[in-house]
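Chemist: below: sequence and its predicted model.
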Amino acid sequence: MAGSLIGSEIIKIGNEVTEMIRKGEDICNLTIGDFAPAIFPIPAGLEAGISAAYKAHQTNYPPANGVVELRQAVARFTEERLGLSYSPNDILVAGGSRPLIYATYLALLDPGDKVVFPVPSWNNNHYCHLSGAEAVMVETRAANNFMPTAAEVAPHLKGATLLALCSPLNPTGTVFSRQDLEQICDLVIAENQSRAPGEKPLYIMYDQIYWMLTFGETKHYDPVNLRPELRDYVVYIDGISKCFAATGVRVGYAFGPSGIIDKMKSILGHVGAWAPKAEQVATAAFLPQTAAVDDFLDDFKIKMQESLNALYNGLQNLKQAGYPVDAIVPMGAIYLTAQLSILGKTTPAGSVLATNKDITFYLLSEAKLALVPFGAFGTPDTSTWFRMSVGGASLQSIEAALPRLKSALDALK
């Protein structure tokens, strides 16, 4: 398994960018789904709470499922803000959302079980490999903002064990419409009703780590609110990493059916994937501070949307000027979906851009603009769509990169 594990394409590109920056090059880095702390610091109250917790010597092992005060705070936060009522005992805390996603796979899947997920999507192919599951990738369309529809998913659910969904979606920054998610939920309900007694049911893993980062009139929807009868079949993935720009703080949480959460707890207890205790204590103290949370999110989302809009408007201006580019209106998360239809073009050095990787490295070299192709998220390497992540770049850096992009496009033949 380890010998055949494929490395992250995003990290490979990110490493190349890091090396160029180390050598003194001025790169607009739109690759990693992370935040530059100088641009997007974590909430002051959370930062103070972490320092206070360390000074109070909160440095020993936390409980395997998370400190009770945090699980209680998450339960209240989730009920007040999402209308989802779960017991603190049905909440599992870990060092970010990744261990929780992996634990969901290991708790639900036997080797050879089918996992259905849309592409582009983040890392499900790797979790299938790690767990020995069969990956069933459902290609989505730009016409539906790269969100899966019931019609696209339906042919693949028979015999599947897990449907992995994410909204707002990494890598696209787009979200489920109410109708699309309702129709998919109805498919899962019908599929489970059709299964024989004792047959393994079909579960949904719903990654909503970006749910607080939606823009304008965009609304976040989730399966259990739309279809309460799915409660026993949905595992939610959530946490503070994205909504509070706190990727390095490593506090994630999952919630769902008691029996599954208990199994996930047992798995992660052996791995030791808990979040640091001081960070848990600080998060437990910060989540109930409604005004502080809202103030932070209001400012954070304004700055995030300014960067996303700068990219979107810049690409639309190029499109109107006749350049082969496009973008989807940003709806949520920290990502813009951009299209660069320049496959087959020839660079000034005489190289033909045959794949999206070729486009990626051409723009990195000529425009000092670092993007991630959708090929890193399961789509073919001839896809002309890219993820632009704005958390690690200043608005000024983004604005300065757009003329360089125009020049790089002008240089192609």
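Modeler: Cool, got the structure.

Chemist: this protein: strands as residue ranges?
Modeler: 28-29, 91-94, 114-119, 134-139, 160-166, 203-207, 234-239, 252-255, 325-327, 335-340, 369-370, 372-373, 385-389 (DSSP state E).

Chemist: tell me the mean pLDDT over the second one?
Modeler: Here strand 91-94 scores 98 as its mean pLDDT.

Chemist: tell me what that strand is packed against?
Modeler: helix 68-82, helix 97-108, strand 252-255, helix 258-271 (3 or more C-beta pairs under 8 Å, 6 or more residues apart in numbering; DSSP states H and E). C-beta coordinates here come from the backbone N, C-alpha and C atoms, glycine included.

Chemist: send over the first one as PDB, restricted to the C-alpha atoms.
Modeler: The C-alpha coordinates for helix 68-82 follow below in PDB (Å, rounded to 0.1, in the frame of the first residue of the first chain):
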ATOM      1  CA  VAL A  68     -15.800  17.300  27.500                       C
ATOM      2  CA  GLU A  69     -15.900  21.100  27.500                       C
ATOM      3  CA  LEU A  70     -15.100  21.300  23.800                       C
ATOM      4  CA  ARG A  71     -17.500  18.600  22.900                       C
ATOM      5  CA  GLN A  72     -20.200  20.400  24.800                       C
ATOM      6  CA  ALA A  73     -19.300  23.700  23.100                       C
ATOM      7  CA  VAL A  74     -19.400  22.100  19.700                       C
ATOM      8  CA  ALA A  75     -22.800  20.500  20.400                       C
ATOM      9  CA  ARG A  76     -24.200  23.900  21.400                       C
ATOM     10  CA  PHE A  77     -22.500  25.700  18.500                       C
ATOM     11  CA  THR A  78     -23.800  23.200  16.000                       C
ATOM     12  CA  GLU A  79     -27.400  23.300  17.300                       C
ATOM     13  CA  GLU A  80     -27.500  27.100  17.500                       C
ATOM     14  CA  ARG A  81     -26.000  27.800  14.100                       C
ATOM     15  CA  LEU A  82     -27.000  24.800  12.000                       C
END
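
Chemist: list the contacts of it.
Modeler: 65, 84-89, 91, 93, 211-212, 222, 225, 238, 251, 253, 255, 280-281, 283-285, 287-288 (C-beta atoms under 8 Å, 6 or more residues apart in numbering).

Chemist: again, only using 7 Å
Modeler: 84-88, 91, 93, 222, 253, 255, 280-281, 283-284, 287-288 (C-beta atoms under 7 Å, 6 or more residues apart in numbering).

Chemist: please pick the buried ones from those.
Modeler: Among the contacts of helix 68-82, those classed as buried by 16 or more other C-beta atoms under 10 Å are 84, 86, 88, 91, 93, 222, 253, 255, 280-281, 283-284, 287.

Chemist: between those residues, which is closest to L100?
Modeler: Lowest distance from L100 to the buried ones among the contacts of helix 68-82 (C-beta to C-beta) belongs to Y253, with 7.3 Å.

Chemist: identify the bridge partners of the closest one.
Modeler: When bridges are called by DSSP bridges, Y253 pairs up with V93, D238.

Chemist: OK, contacts around it?
Modeler: G66, V74, I91, L92, V93, D238, G239.

Chemist: returning to what we had before: redo the helices and strands packed on strand 91-94 as a markdown table? Include distance to V153.
Modeler: Compiled in a markdown table, the helices and strands packed on strand 91-94 are given as follows (distance: least, C-beta to C-beta, whole Å):
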| stretch | distance to V153 |
| --- | --- |
| helix 68-82 | 23 |
| helix 97-108 | 18 |
| strand 252-255 | 22 |
| helix 258-271 | 21 |
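
Chemist: which of the ones you listed is buried the deepest?
Modeler: strand 252-255 (a mean of 26; mean count of other C-beta atoms under 10 Å).

Chemist: and the spatially most central residue of the chain, what does it touch?
Modeler: In the chain, the centroid-proximal residue (C-alpha atoms, centre = their mean) is N170; its distance is 3.8 Å. By C-beta under 7 Å, 6+ apart, the contact set of N170 is G33, W122, A333, Y335.

Chemist: before we move on, what about P118?
Modeler: V138, T140, P148.

Chemist: run through the bridge partners of the first one.
Modeler: Taking DSSP bridges, one finds P118 as the beta-bridge partners of V138.

Chemist: what is the neighbour count of it?
Modeler: 18 (other C-beta atoms under 10 Å).

Chemist: distance-wise, check it relative to I261.
Modeler: Computed as C-beta to C-beta, to the nearest Å, the V138 to I261 distance reads 27 Å.

Chemist: list of residues touching stretch 358-378?
Modeler: So stretch 358-378 is contacted by 9-10, 13, 16-17, 25-31, 119-122, 125, 137, 171, 340, 342, 347, 353, 356-357, 381, 383, 385-388, 401, 404-405, 408, 411 (C-beta under 7 Å, 6+ apart).
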